[in-house]
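# need a structure here:
(one chain, ligands or ions: 1)
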Amino acid sequence: MTKVPFIDFKVTYNEIREDLLKAATEALDSNQYILGPAVERLEKEVASYLNSKFCVGVASGSDALYLSLLALGAGPGDEVITTAFSFYATAGSITRTGAKPVFVDIEPDLFNLNLTQVKERLNGRTRAVVPVHLFGNPCDMGALRDICAPAGVRIVEDTAQAFGATWRGKQVGTFGDAGCFSFFPTKNLGGFGDGGMVATDQEAVYAKLRALRAHGSRKKYIHEEFGVNSRLDAFQATLLSVKLKHIDRWNDQRRAIAEIYRDILHNVPGVVIPTESPEARHVYHLYSIRTSRQDALQAHLKSAQIDSAVYYPLALPFQPNLADLNYQKGGFPVSERMCSEILSLPLFPGLDRDRAVRVAECVRDFMTHGA
Ligand SMILES: Cc1ncc(COP(=O)(O)O)c(C=O)c1O
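Here you go, the predicted structure:
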């Protein structure tokens, strides 16, 4: 029985190993290890890929969110609306600014923000909304902009899981005031350590972000405003430039694996497969199915040497370090149900057809016959 890991970098790494080693040598020889020409080059390449005016490299996706919110003025006394169902960093970056995260539930089919609830929670204190393109699935950015623009509320897109996804043909991360990307190794465009980037079309936001990532300095050794150390390494940037050339092909591979899963699982009783909006190009950072038999299915897959994972077992409003916000159980029924139903199957570029079919058939057979 061939083991199927949840993620394996080996295939894509081996495909481009020579180019990476050449680039790594170039980075080590360059004599400049933080920011500098390699980071500027990556910022330009990503901006050109996204069709965004500016990009700013930072130390992580979490910092991309935090610094973007700061750049847009979020702070104590403000509210920032976001989804109850995401990775913790989405909420943590809001609390780091001193603003209050205001959670809304998700749409069950798309895993993304419930826009009716976003509208209901808007008030005079709302500084921004942070939509998350969860699992690589774009939010309805047109509808969100229609809600936010008249209220003067800013949008910071959490695009950590969706590099290369589009909504109506436009790259996600370019709809809001700022689009935040993570280069964490498992991400669709993953580096070899931590890293992140913010895309924006606004020159003032760009200039502010550049100062914020460098201790609030716009001129060397003159620190006019608050800031932190959140710089992207030249080494990461050099290697990411190599990987960026392959992102569309790798995202296509992710979509092809999703297609195999869809073909085998779409009619299986007790399994809900991910939905794609016709307006969106989903890039399947994760392929997450829903089942009321989450634990049993995961154990069965494990016995068949297939890894799977639960993203996420606890909704954000109930994270222990947000207990002061006093959110009550039952307030986010869809997100809460998701935590006990969701199961992500292995999906990564380089996962061959045979193993993908084995995964899907194993799910199908268990859900149909219990084995
Ligand atoms: C939805 C989401 N937001 C934010 C982040 C934070 O990115 P990073 O790990 O690069 O800080 C991640 C990934 O870890 C994520 O999945």
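
# Please count neighbours and contacts with C-alpha atoms only from this point.
OK.

# host element of residue 155?
Using DSSP states H and E, residue 155 maps to strand 154-158.

# Identify the residue of the stretch 151-300 of the chain closest to the ligand, quick one.
residue 182 (4.0 Å; C-alpha to the nearest ligand atom).

# so that residue makes contact with residue 162?
No: when contacts are counted by C-alpha atoms under 8 Å, residue 182 is not listed as touching residue 162 (9.2 Å).

# if we can go back for a sec, send the alpha carbons of the strand holding residue 155 over as CSV?
Coordinates of the C-alpha atoms in strand 154-158 are reproduced here as CSV (Å, rounded to 0.1, in the frame of the first residue of the first chain):
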residue,chain,number,x,y,z
ARG,A,154,-11.5,49.6,4.1
ILE,A,155,-10.8,46.0,2.9
VAL,A,156,-7.7,44.0,3.8
GLU,A,157,-7.8,40.7,1.9
ASP,A,158,-6.3,37.7,3.7
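
# Looks like residue 368 contacts residue 269 (just checking).
Yes: if you go by C-alpha under 8 Å, residue 368 and residue 269 touch, sitting 6.7 Å apart.

# does residue 259 sit in a helix, a strand or a coil?
helix (DSSP: H, G, I helix; E, B strand; the rest coil).

# For the residue lying closest to residue 353 once chain neighbours are set aside, grab the count of nearby residues.
With C-alpha to C-alpha, 6 or more residues apart in numbering as the criterion, residue 353 has its nearest non-adjacent residue at 7.3 Å, and that residue is residue 257. Counted with other C-alpha atoms under 10 Å, the neighbours of residue 257 add up to 25.

# repeat for the one 10 residues further on
Around residue 267 sit 12 other residues, with neighbours defined as other C-alpha under 10 Å.

# Please apply the same query to the one 4 residues further on.
Residue 271 has 20 neighbouring residues, counting by other C-alpha under 10 Å.

# got it, and the one 3 residues further on?
In terms of burial, residue 274 registers 23 neighbours under the definition other C-alpha under 10 Å.

# Contacts only, for it.
By C-alpha atoms under 8 Å, 6 or more residues apart in numbering, the contact list for residue 274 reads 109-110, 287-289.

# As a markdown table, those residues with secondary structure would be great.
Formatted as a markdown table, the contacts of residue 274 follow (three-state DSSP):
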| residue | secondary structure |
| --- | --- |
| 109 | coil |
| 110 | coil |
| 287 | strand |
| 288 | strand |
| 289 | strand |
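
# which two in those residues are spaced the farthest apart?
Greatest spatial distance among the contacts of residue 274 (C-alpha to C-alpha): 109 and 287, at 12.9 Å.

# Let me know the closest of the contacts of residue 274 to residue 82.
Closest to residue 82, out of all of the contacts of residue 274 and judged by C-alpha to C-alpha, is residue 110, at 15.1 Å.

# what's the burial count for the closest residue to that closest one other than its chain neighbours?
Spatial nearest neighbour of residue 110, excluding adjacent residues (C-alpha to C-alpha, 6+ apart): residue 275 at 6.0 Å. Applying other C-alpha under 10 Å, we find 14 residues neighbouring residue 275.

# does residue 275 count as helix, strand or coil?
Residue 275 ends up coil, using three-state DSSP.

# So for it, what pLDDT did the model give?
As predicted, residue 275 sits at a pLDDT of 93.

# Dihedrals phi and psi, it?
Dihedral pair for residue 275: phi -100, psi 140, per degrees, to the nearest 10.

# again with residue 353
According to degrees, to the nearest 10, residue 353 has phi -60, psi -40.

# Where does the nearest residue to residue 244 once chain neighbours are set aside sit, in terms of helix or strand?
The shortest distance from residue 244 to any non-neighbouring residue, by C-alpha to C-alpha, 6+ apart, is to residue 189 (6.9 Å). Using DSSP H and E, residue 189 sits in no helix or strand.

# What residues does residue 189 make contact with?
So residue 189 contacts 163, 182-183, 240, 243-244, 247 (C-alpha under 8 Å, 6+ apart).

# Can you flag which of those belong to strands?
residue 182 (DSSP state E).

# follow-up on the earlier one: can you tell me how far the residue nearest to residue 110 is from residue 266?
10 Å (C-alpha to C-alpha, to the nearest Å).

# now do residue 257
Residue 257 is 14 Å from residue 266, by C-alpha to C-alpha.

# just the strands in the protein please.
Using DSSP E, strands in the chain cover 54-58, 79-83, 100-104, 126-130, 154-158, 166-167, 170-171, 178-182, 196-200, 217-219, 222-223, 280-281, 287-290, 342-345.

# could you dump these to JSON lines with mean neighbour count and distance to residue 117?
Converted to JSON lines, the strands of the chain look like this (neighbours: other C-alpha atoms under 10 Å; distance: least, C-alpha to C-alpha, whole Å):
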{"stretch": "strand 54-58", "mean neighbour count": "26", "distance to residue 117": "31"}
{"stretch": "strand 79-83", "mean neighbour count": "27", "distance to residue 117": "10"}
{"stretch": "strand 100-104", "mean neighbour count": "25", "distance to residue 117": "6"}
{"stretch": "strand 126-130", "mean neighbour count": "26", "distance to residue 117": "12"}
{"stretch": "strand 154-158", "mean neighbour count": "27", "distance to residue 117": "16"}
{"stretch": "strand 166-167", "mean neighbour count": "22", "distance to residue 117": "21"}
{"stretch": "strand 170-171", "mean neighbour count": "18", "distance to residue 117": "25"}
{"stretch": "strand 178-182", "mean neighbour count": "31", "distance to residue 117": "22"}
{"stretch": "strand 196-200", "mean neighbour count": "29", "distance to residue 117": "26"}
{"stretch": "strand 217-219", "mean neighbour count": "15", "distance to residue 117": "39"}
{"stretch": "strand 222-223", "mean neighbour count": "12", "distance to residue 117": "40"}
{"stretch": "strand 280-281", "mean neighbour count": "21", "distance to residue 117": "22"}
{"stretch": "strand 287-290", "mean neighbour count": "22", "distance to residue 117": "23"}
{"stretch": "strand 342-345", "mean neighbour count": "24", "distance to residue 117": "22"}
